[in-house]
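Student: heads up, no residue letters with this:
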């Protein structure tokens, strides 16, 4: 059964790899500060600080991780169409990678910022997956 979902599984792997890389980047950025307390990000920092942006990028991905993983795994368990499940996982994964790249690169406080559009790509992919999963479960 899992072989038919290899496209989706590789997309889930990319999502996990992205979050792992974000954790490493945030940790290194935090440790390079002249003054830091382990586990605490200075609340006076904002988007002009790479420490802030790397920390928020990791937290944002961490906060959204379960909302894609849960439905994707459930979709595999109940036999959802492997093609569409894989496509939605990959749209989400690519959206998260682009969100990360823009969050690292841009120092804007504007809302919406360019990174917001890629957040929405992932959000919409997740919404479509939840709807398709619900329809599949309803039979």
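Tutor: Thanks, I have it. Since we're looking at a predicted model, the values are computed, not measured.

Student: what comes up buried for the host helix or strand of residue 55?
Tutor: If you go by DSSP states H and E, residue 55 is part of helix 50-77. Buried residues in helix 50-77, counted by 16 or more other C-beta atoms under 10 Å: 50-58, 60-61, 64-65, 67-68, 71-72, 75-76. From N, CA and C alone the C-beta is placed, and that goes for glycine too.

Student: Can you list the low-confidence ranges for the protein?
Tutor: For the chain, the stretches with pLDDT under 70 are 1.

Student: what kind of secondary structure is the closest residue to residue 52 other than its chain neighbours in?
Tutor: Counting by C-beta to C-beta, 6 or more residues apart in numbering, residue 52 lies nearest to residue 45, which is 4.0 Å off, once chain neighbours are set aside. Using DSSP: H, G, I helix; E, B strand; the rest coil, the structure places residue 45 in coil.

Student: Quick check: residue 45 vs residue 33, distance?
Tutor: Plainly put, residue 45 is 9 Å away from residue 33 if you go by C-beta to C-beta, to the nearest Å.

Student: Same question for residue 5.
Tutor: 42 Å.

Student: just residue 81 next, same as before
Tutor: 48 Å.

Student: Could you give the number of residues near residue 20?
Tutor: Residues lying near residue 20 (other C-beta atoms under 10 Å) number 12.

Student: same check, this time on residue 86
Tutor: For residue 86, the count of nearby residues is 22 (other C-beta under 10 Å).

Student: Now do the helix or strand hosting it: everything it contacts.
Tutor: Secondary structure from DSSP H and E places residue 86 in helix 82-105. Helix 82-105 has contacts (C-beta atoms under 8 Å, 6 or more residues apart in numbering) with 4-5, 7-8, 11-12, 14-15, 18, 21-22, 25, 50, 53-54, 56-57, 60-61, 64, 68, 72, 75-76, 113-115, 118-119, 121-122, 125-126, 128-129, 132.

Student: Just want the angle from it to helix 50-77.
Tutor: 180 degrees (axes from the mean of the first three to the mean of the last three C-alpha atoms, to 10 degrees).

Student: I appreciate the help and will end here.
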